[in-house]
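[1] pasting a predicted model and its sequence here:
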Amino acid sequence: MTFKDLKIKMVPNNTLTFLAPCISSRVGLGILFLLISQFSFAQKKEQIGNETVNVVKPYTPKISDASKVKEVGELDDEGNTKKEVVKYTIFSFPVASTFTPSKGKAEGVEKEKQAHLFKNYATLGLGNYGTLIGELFVNHDLSNTDYVGGMFRHHSSQGGIKEARLDDRFYDTSLDLMYGSNQKDISWNLDLGMQNQIYNWYGLPVNFANTLSLDDRRSLINSIDPKQAYTTISLGGNVAFSDGIVNKVSLKYNHFTDIFNSSENRFFIKPTVAFDVMDSAVKTDFIVDYVGGSFEKNYLNNVQPLKYGFTNFGVSPSFVMLEQDWTLTIGAAIFYSLDNQNSNNKFLVYPKFNASYKVVGDLMIFYAGAEGDLKQNSYQDFVGVNPFLSPTLFVAPTDQQYDIFAGLKGKLSNNVSYNVRGSYTNERNKALFKSNIHDENPSNENYEYGNSFQVVYDDMRTLRFYGELKADFSDNVTFGVNGSFSSFKNASQNEAWNLPTVKVNSNLDFNITKKWFAGVNVFYVGERKDFTVIDFQPMYKEGIVTLKSYFDLNANLGYNYSDRLTGFIRANNITNSGYQKWQNYPVQGFQLVLGANYKFDF
């Protein structure tokens, strides 16, 4: 028998009745005895009624036994009872108040005031040596597209160099007028310029007229009028197109003369065609460059005039290729040079190749290339470099066959950039400045006493190393330094006349306060070679002269009195060195200029 077959029945007289079919075994009797003993021990005085307990088996629930509750329970909550209507009244009386509410507004961000950009300015400065500096720039908008402007410049000095035995004054005055228009499809401008420059050939040799008596020497020096004046009239313009293959056109005409009846005309025009082919930008420059002029005579009273004229026709196509970190510019320059005086025409081809590779992003960029060009020389350009030339020159173009270069550029940090470069240049007919013969004939022209320079030409090869470093330490401090070392090799001349082997330049600009600012500029020029010839009776002497290197220190200090008015003081050649930039031409010593700049609008 098992427990699930056992039935227990409670009877009313509180006795237990066990119904067990087949309780005949000893196990059944033992269990029965044990149960009777337990209930007898736990029974109290209270009487237990007769109940019958039927133990059939343990209940094991199943999913099928579950059933949904179909009836919705009734909610009997006091909160659902009907709300009673409450009536109330308020007894109010006025109370005095000084509070006045105001409308809310968004919190504003304080923005720094942007400096006003004025369209016009005027500068005036005065200094020792009778120095006068003046500038005036005006610009006015005629309409939304058209504008007109003008620029006046003047720089002069009354001289006073101790070593100079002739008048050393100079004047440089220029006026430029412009008219332009910026429209949707085209932008253009026209420029008209006039310039007058007055210089003096004051650079007499140190031993000038030493063979003469004191009175004769003074008489000869006093008879020399060293004045030379240059006049330039220029007309030019630019046209730029926003659509079409013709990108822009530049043209310029210059008429250059001096007081010795020298005359030169220069005409230059360069249209540029640009368009894209697939992923490459193609650009082609067409060039027409003409120069022609004449000098009244040769050096040393030769009455035969000198004439020159060259017309260079050129085309320079190039295209740019971009490939990941590589940038390639491949092109060439083709020129046909026409010698209008000697019929010595030439056909010349030059490379135009540039490549750059980003080694480390913008931190290090390697670049290399090979370029050549036909450089048109002119009397005006020569005077711009050396104003003490004699008006007896031969002018010819320079054939720069190639300039092979390579270098690295990039950034050492966000504020420091660098550039190092090495180059090797081969040039034919390189123009060099060389001293003229020293003669003491009283009938000479005023520039024939060894106080002027000539232009000589030579085939040269130049090896040059260049380095540059720029740093913006902050918005208030900037620094820069650059230098070059050159080695020259000449074909016929003994030296590369008046070309320095070493040049260094450095500048530092900083804002002291919001009102005060200052700057320092230092440059160094190494030794140069020149050649002197002394040819007069009873003396003849020639030889190479070495011009000493020189160091020049300049500084400036300024004060912004207002947005419009700024005062400044400039100091040049602070070391008061009487160095010679050109042979026998000492420069002014310590120079101080005090001035002001005023900006305005119409």
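    Happy to help now that I have it. Residues are numbered from 1 along each chain as shown.
[2] phi, psi for residue 383 please.
    Reported as degrees, to the nearest 10, the phi and psi values for residue 383 are phi -70, psi -30.
[3] and it, what does it touch?
    If you count contacts by CB atoms under 8 Å, 6 or more residues apart in numbering, residue 383 has them with 197, 230, 256, 389. Every C-beta, even on glycine, is put in place using the N, C-alpha and C of the backbone.
[4] report the buried residues of stretch 509-529.
    Across stretch 509-529, burial judged by 16 or more other CB atoms under 10 Å covers 511, 517-526, 528-529.
[5] please apply the same query to stretch 305-313.
    Buried residues in stretch 305-313, counted by 16+ other CB under 10 Å: 306, 308-312.
[6] swap in stretch 567-585?
    Using 16+ other CB under 10 Å as the test for burial, stretch 567-585 gives 568-574, 577, 579-580, 582-585.
[7] what about the stretch 251-400 of the chain, any weak spots by pLDDT?
    301 (pLDDT under 70).
[8] could I get the full set of helices for it?
    With DSSP state H, counting those that start in this stretch as the criterion, the stretch 251-400 of the chain has helices at 379-385.
[9] strands along the stretch 401-550 of the chain, start to end?
    416-435, 453-472, 477-490, 502-511, 516-525, 528-536, 539-547, 550-560 (DSSP state E, counting those that start in this stretch).
[10] any chance of these in a markdown table with mean pLDDT and distance to residue 143 as columns?
    Formatted as a markdown table, the strands of the stretch 401-550 of the chain follow (pLDDT from 0 to 100; distance: least, CB to CB, whole Å):
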| stretch | mean pLDDT | distance to residue 143 |
| --- | --- | --- |
| strand 416-435 | 96 | 41 |
| strand 453-472 | 96 | 39 |
| strand 477-490 | 96 | 38 |
| strand 502-511 | 96 | 38 |
| strand 516-525 | 96 | 37 |
| strand 528-536 | 86 | 53 |
| strand 539-547 | 86 | 55 |
| strand 550-560 | 96 | 33 |
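[11] what about the helix or strand where residue 190 lies, distance to the chain center?
    For residue 190, the element it lies in under DSSP states H and E is strand 186-200. Here strand 186-200 is found 26 Å from its chain centre; the criterion is CA atoms, centre = their mean, to the nearest Å.
[12] just checking: what are the partner strands of that strand?
    Strand 186-200 pairs in its sheet with strand 170-182 (antiparallel), strand 227-241 (antiparallel), by DSSP bridges.
[13] next, format these as a markdown table and append distance to residue 397 and mean pLDDT.
    Below are those laid out as a markdown table (distance: least, CB to CB, whole Å; pLDDT from 0 to 100):
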| stretch | distance to residue 397 | mean pLDDT |
| --- | --- | --- |
| strand 170-182 | 27 | 96 |
| strand 227-241 | 20 | 96 |
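[14] how far away is residue 198 from residue 297?
    Separation of residue 198 from residue 297 (CB to CB, to the nearest Å): 21 Å.
[15] list the contacts for the residue nearest to residue 162 when sequence neighbours are not counted?
    Excluding the flanking residues, the one nearest residue 162 by CB to CB, 6 or more residues apart in numbering is residue 578, at 7.5 Å. Residues near residue 578 by CB under 8 Å, 6+ apart: 161-163, 586-587, 589.
[16] got it, and residue 387?
    Counting by CB under 8 Å, 6+ apart, residue 387 makes contact with 170, 197, 199, 228, 230.
[17] switch to 7 Å and redo it
    Residue 387 makes contact with 197, 199, according to CB atoms under 7 Å, 6 or more residues apart in numbering.
[18] distance of the nearest residue to residue 280 once chain neighbours are set aside from residue 348?
    Excluding the flanking residues, the one nearest residue 280 by CB to CB, 6+ apart is residue 319, at 4.8 Å. Note on residue 319: its distance to residue 348, by CB to CB, is 21 Å.
[19] more neighbours: which of those two?
    Taking other CB atoms under 10 Å, residue 319 and residue 348 do not tie; residue 348 has more neighbours (19 against 16).
[20] need the nearest residue in space to that one, chain neighbours excluded.
    Leaving aside its sequence neighbours, residue 348 sits nearest to residue 335 (CB to CB, 6+ apart; 4.6 Å).
[21] list the contacts of that neighbour.
    Residue 335 is in contact with 312-314, 348, 374, counting by CB under 7 Å, 6+ apart.
[22] my read: residue 454 touches residue 390, true?
    Yes - the pair residue 454 and residue 390 qualifies as a contact (CB atoms under 7 Å) at a distance of 6.2 Å.
[23] okay, and the common contacts of those two?
    Taking CB under 7 Å, 6+ apart as the contact criterion, the common neighbours of residue 454 and residue 390 are 299, 436.
[24] follow-up on the earlier one: and the contacts of residue 383, which is closest to residue 398?
    residue 389 (16.6 Å; CB to CB).
[25] save the strands paired with strand 186-200 as CSV, and put in mean neighbour count too.
    Putting these into CSV (neighbours: other CB atoms under 10 Å) gives the following:
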stretch, mean neighbour count
strand 170-182, 15
strand 227-241, 16
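[26] for residue 485, find the nearest of the ones you listed.
    Nearest of those to residue 485, taken as CB to CB: strand 170-182 at 32.0 Å.
[27] show residues contacting the closest one.
    Residues contacting strand 170-182 (CB under 7 Å, 6+ apart): 145-157, 187-200.
[28] from the chain's centre, how far out does that strand sit?
    Its chain's C-alpha centre and that of strand 170-182 lie 25 Å apart, by CA atoms, centre = their mean.
[29] what's the answer for stretch 210-230, then?
    Taking CA atoms, centre = their mean, one finds the center of stretch 210-230 at 50 Å from the center of the full chain.
[30] list the buried residues of that stretch.
    Buried, per 16+ other CB under 10 Å, within stretch 210-230: 217, 220, 224, 226, 228, 230.
[31] looking at these, which is nearest residue 260?
    Nearest member of those to residue 260, counting by CB to CB, is residue 228, at 7.5 Å.
[32] the closest one contacts residue 199, correct?
    Yes - with contacts counted by CB under 7 Å, residue 228 reaches residue 199, the gap being 5.3 Å.
[33] for the two, list the residues in contact with both.
    Counting by CB under 7 Å, 6+ apart, no residue touches both residue 228 and residue 199.
[34] one step back: quick one: the residue nearest to residue 162 is in a strand?
    No - under DSSP: H, G, I helix; E, B strand; the rest coil, residue 578 falls outside any strand and is assigned coil.
[35] looking at the strands of the stretch 401-550 of the chain, which is nearest to residue 116?
    Closest to residue 116 of those is strand 550-560 (CB to CB; 12.9 Å).
[36] what comes up buried for that closest one?
    550, 552-554, 556, 558-560.
[37] let me have the buried residues of stretch 210-230 in JSON lines, adding distance to residue 485 as columns.
    Converted to JSON lines, the buried residues of stretch 210-230 look like this (distance: CB to CB, whole Å):
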{"residue": "217", "distance to residue 485": "43"}
{"residue": "220", "distance to residue 485": "43"}
{"residue": "224", "distance to residue 485": "40"}
{"residue": "226", "distance to residue 485": "36"}
{"residue": "228", "distance to residue 485": "34"}
{"residue": "230", "distance to residue 485": "34"}
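[38] closest to residue 327 out of those?
    Nearest member of the buried residues of stretch 210-230 to residue 327, counting by CB to CB, is residue 230, at 42.8 Å.
[39] look up how far residue 138 lies from the closest one.
    To residue 138, residue 230 is 26 Å away according to CB to CB.
[40] enumerate every residue touching residue 283.
    Contacts of residue 283 by CB under 7 Å, 6+ apart are 272, 274, 318.
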